[in-house]
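[1] Fold the stuff below for me.
(2 chains)
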Amino acid sequence: MDLTLKVWRQKNRNAQGALEKYNVSGISENASFLEMLDVMNEQLINEGTEPVAFDHDCREGICGSCSLYINGEAHGPAKNVTTCQLHMRMFKDGETIYIEPWRSAAMPVIKDLIVDRSSFDRIQQSGGFVSVNTSGNTQDANALPIPKMNADKAFDAAACIGCGACVATCKNSSAMLFVAAKVSQFAYLPQGQVEAKQRVKNMVQQMDNEGFGNCTNTGACEIECPKSISIEYIAKMNREFLAATFSTSE
Amino acid sequence: MSHGISNSSVGRKFLMALSGFFLMFFLAQHLAINSLSLFSKDLFNEVSHFMGTNPLIQFVLQPILIFGVVFHLLMGMYLDSQNKSARPIKYAVDNASENSNWLSRNMLITGVMILLFMLLHFYDFWIPEITTKFINGDWSGIHNGEFRYWEELHHKFHNLVRVIIYCIAFISLGLHLAHGFQSSFQSVGFNNKHSSTIKKLANLYAVIIPLGFIFIALFHYFTSL
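    Numbers count the residues shown, from 1 in each chain, chains lettered A, B, ... in the order given. Next comes the predicted model:
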């Protein structure tokens, strides 16, 4: 496959970026998207140009590192996959592919296609945990009976890999789906109840402080989420937040 | 200040939904009363006189309605400006139609269309009504020896241009409602096995309300020819 790539290049956080055009040829349609970028970067190195910086780690769709906005869609045209699981057979020979970083005030570009997602870390630190004793005498988790439906819902929410596709794709750059998943994975389990009220309030507050937009229920996030997390969880977070806010006890 | 309903993203969406529910209820009763004008001039006049002179409606519900409209408008604009500043640099290519529908992405556009219509609607009906009652002090509802309400409504729709503007506005209203109705449920935390029914109801409501108003406008236009 021969392709024309329009790639966002930006020296650093404060620099003005621009789309640069690169041509790559001889790409196998069985190559992954990141392998195609590797080929492009080798070509750039051989030409004496600085290679394009992009985030990646596990390359098997579980770490949440890769984060590219490809032809106007988070993680590209394939559904329910991350960029690393996207294959070149999804594209046509001779196609022009636009590759941009996530765009959000709360996730600024650090270099080329890499964005700073530490806003997600700060949201997690504000409440995305359960305070349990890990000293060695912990209770067996299976000792607590949990309805199958709740266990499944918690598990589905916990599938969130924190890649930020929801933020990238939302027209408001809202982080609701991410925060909803992180709130819900505990809200459906008995272990999460102790800190439930404080958790949802703190996480929503941190999300707002980071400068993410508001949810307008377009549903774009659940379509582009590589882990197919449903906006049902946003409704769950709304319930949790409203209940915590209207509650008279701390 | 602790994060509560009025100063959090989730809380503000909740308030948008509540004011939306209230306005949707208002629209339904507005249509129901206007529909009376189709088949009974006297009944329409009597109900209009009741609505226009009952102290509970005039001095309690009307201010709440005005507050509801202004709140929904201002909060909508405020949230939208926050949303826009959350993405200062736009994508060169954004394929939004792949993952969301036009209605859900353009509530501000349909909302502003409704706002423009409301200015005309206030000029047509609300300002004359307020002038008659509160400035001229005439609470009788009588003009030329009979109730004036039906004649006022009927007379307004003589004008074809006005009828067309009203019809376009009602279509915008329908588009706004098609997303707004079901979206309000999500914002208050209602998303479960009944949500597909809610979506069907939303579509039905978003068709019936504007179609009803359009039918009434056309009815008065054609019967006044």
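[2] Counting neighbours, what do you get for residue 49?
    Assuming you mean chain A. Close neighbours of A:Thr49, defined as other CB atoms under 10 Å in any protein chain shown, add up to 13. For every residue, glycine as well, the C-beta is placed using N, CA and C.
[3] The intended chain is chain B.
    B:His49 sits with 17 neighbouring residues when counted by other CB under 10 Å.
[4] How much space separates it from B:Phe122?
    20 Å (CB to CB, to the nearest Å).
[5] Likewise for B:Ile64?
    Distance from B:Ile64 to B:Phe122, counting by CB to CB: 17 Å.
[6] same check, this time on A:Lys182
    46 Å.
[7] what about the strands in the chain?
    Looking at chain A here, since you left the chain open. A:3-9, A:18-24, A:69-70, A:73-74, A:96-100, A:109-111, A:114-115 (DSSP state E).
[8] Can you look at chain B instead?
    B:142-143, B:146-147.
[9] Out of these, which gets nearest to chain A?
    For the strands of chain B, the distance to chain A is smallest for strand B:146-147, at 43.6 Å, taking CB to the nearest CB.
[10] Relative to that closest one, what are the paired strands and their orientations?
    Sheet partners assigned to strand B:146-147 using DSSP bridges are listed as strand B:142-143 (antiparallel).
[11] Neighbour count for A:Lys182 and B:Phe122, which is higher?
    A:Lys182 (27 against 13).
[12] before we move on, back to that, would you mind finding the most buried of the strands of chain B?
    strand B:146-147 (a mean of 16; mean count of other CB atoms under 10 Å in any protein chain shown).
[13] dump the residue contacts of A:Glu42.
    Taking CB atoms under 8 Å, 6 or more residues apart in numbering or on different chains, we find A:Glu42 in contact with A:Pro51.
[14] let's see 7 Å
    Listed by CB atoms under 7 Å, 6 or more residues apart in numbering or on different chains, the contact set of A:Glu42 is empty.
[15] For it, give its distance to A:Leu86.
    Using CB to CB, one gets 19 Å for the distance from A:Glu42 to A:Leu86.
[16] for A:Gly136, same thing?
    Remark: distance between A:Gly136 and A:Leu86 (CB to CB) = 43 Å.
[17] Give me the more crowded residue out of the two.
    A:Leu86 (23 against 5).
[18] isn't that one right next to A:Glu73, touching?
    No. Counting by CB atoms under 7 Å, no contact exists between A:Leu86 and A:Glu73, whose distance comes to 10.0 Å.
[19] Need the pLDDT of A:Asn133.
    Confidence at A:Asn133, expressed as pLDDT, is 79.
[20] Run a quick neighbour tally on it.
    Residues lying near A:Asn133 (other CB under 10 Å) number 8.
[21] and it, what are its phi and psi?
    Taking degrees, to the nearest 10, you get phi -80, psi 120 for the backbone angles of A:Asn133.
[22] Spell out which parts of chain B neighbour chain A.
    Contact residues of chain B with respect to chain A, defined by CB under 7 Å from any CB of the partner chain, are listed as B:3-5, B:8-14, B:79, B:82-83, B:85-96, B:98-100, B:104-105, B:107, B:183, B:186-191.
[23] what's the distance between A:Met88 and chain B?
    Computed as CB to the nearest CB, to the nearest Å, the A:Met88 to chain B distance reads 18 Å.
[24] Need the per-residue pLDDT for that residue.
    The confidence metric pLDDT takes the value 97 at A:Met88.
[25] try B:His3
    If you check B:His3, the pLDDT there is 75.
[26] show me what contacts it?
    With CB under 7 Å, 6+ apart as the criterion, the residues that contact B:His3 are A:201, A:204-205.
[27] Can you tell me which of the residues you listed has the largest number of neighbours?
    Within the contacts of B:His3, neighbour counts (other CB under 10 Å) peak at A:Val204, which reaches 29 neighbours.
[28] pretty sure that one is touching B:Val10, no?
    Yes. Contact status for A:Val204 versus B:Val10: in contact at 5.4 Å, counting by CB under 7 Å.
[29] Among the contacts of B:His3, name the ones in helices.
    Of these, the ones assigned to helices by DSSP state H are A:201, A:204-205.
[30] just to revisit the earlier point, which one of the strands of chain A lies nearest to chain B?
    Ranked by CB to the nearest CB, the member of those that lies closest to chain B is strand A:96-100, at 4.3 Å.
[31] ok, back up a step: tell me the most buried of the strands of chain A?
    Here the criterion is mean neighbour count by mean count of other CB under 10 Å, and of the strands of chain A the winner is strand A:73-74, at a mean of 26.
[32] That one - contacts with which helices or strands?
    Secondary structure elements in contact with strand A:73-74, counted by 3 or more CB pairs under 7 Å, 6 or more residues apart in numbering or on different chains; DSSP states H and E, are helix A:165-169.
[33] now the helix it packs on, how far from the chain's geometric center?
    Mean-position distance between helix A:165-169 and its chain equals 7 Å (CA atoms, centre = their mean, to the nearest Å).
[34] One more: stretch A:149-168?
    Averaged over its C-alpha atoms, stretch A:149-168 has a centre that lies 10 Å from its chain's centre (CA atoms, centre = their mean).
[35] Do it and chain B come into contact?
    No. Residues of stretch A:149-168 are not located near chain B by CB under 7 Å from any CB, the shortest gap being 8.8 Å.
[36] Hmm, A:Ser173 is touching B:Pro88, no?
    No. Judged on CB under 7 Å, A:Ser173 makes no contact with B:Pro88 at a distance of 9.3 Å.
[37] More neighbours: these two, which one.
    The neighbour comparison of A:Ser173 against B:Pro88 (other CB under 10 Å) goes to A:Ser173, with 27 against 12.
[38] I'd like the ones in helices among the contacts of B:His3 laid out as a markdown table, including pLDDT and distance to B:Pro55.
    Listed next are the ones in helices among the contacts of B:His3 as a markdown table, based on pLDDT from 0 to 100; distance: CB to CB, whole Å:
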| residue | pLDDT | distance to B:Pro55 |
| --- | --- | --- |
| A:Lys201 | 96 | 42 |
| A:Val204 | 97 | 42 |
| A:Gln205 | 97 | 43 |
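[39] show me which of these neighbour chain B.
    Here is what survives when the ones in helices among the contacts of B:His3 are matched to chain B using CB under 7 Å from any CB: A:201, A:204-205.
[40] For chain B, give me the ranges with low pLDDT.
    Counting by pLDDT under 70, chain B shows low-confidence ranges at B:1-2.
[41] For it, which segments are assigned as helices?
    Counting by DSSP H, the segments of chain B that form helices are B:9-39, B:41-53, B:55-56, B:62-85, B:102-105, B:107-121, B:127-130, B:149-156, B:160-187, B:195-223.
[42] Phi, psi for A:Thr49 please.
    Main-chain dihedrals, A:Thr49, degrees, to the nearest 10: phi -100, psi 150.
[43] From A:Ala175, how far off is it?
    Using CB to CB, one gets 35 Å for the distance from A:Thr49 to A:Ala175.
[44] Check A:Lys92 too.
    34 Å.
[45] Between those two, which has more neighbouring residues?
    The residue with more neighbours, out of A:Lys92 and A:Ala175, is A:Ala175; 32 against 12, by other CB under 10 Å.
[46] How about the contacts made by that one?
    With CB under 7 Å, 6+ apart as the criterion, the residues that contact A:Ala175 are A:166-167, A:207, A:212.
[47] How about the contacts made by residue 203?
    Reading this off chain A. For A:Met203, the set of contacting residues under the criterion of CB under 7 Å, 6+ apart consists of A:123, A:126-128, A:179, A:182-183.
[48] Switch to chain B, please.
    If you count contacts by CB under 7 Å, 6+ apart, B:Asn203 has them with B:Ala178.
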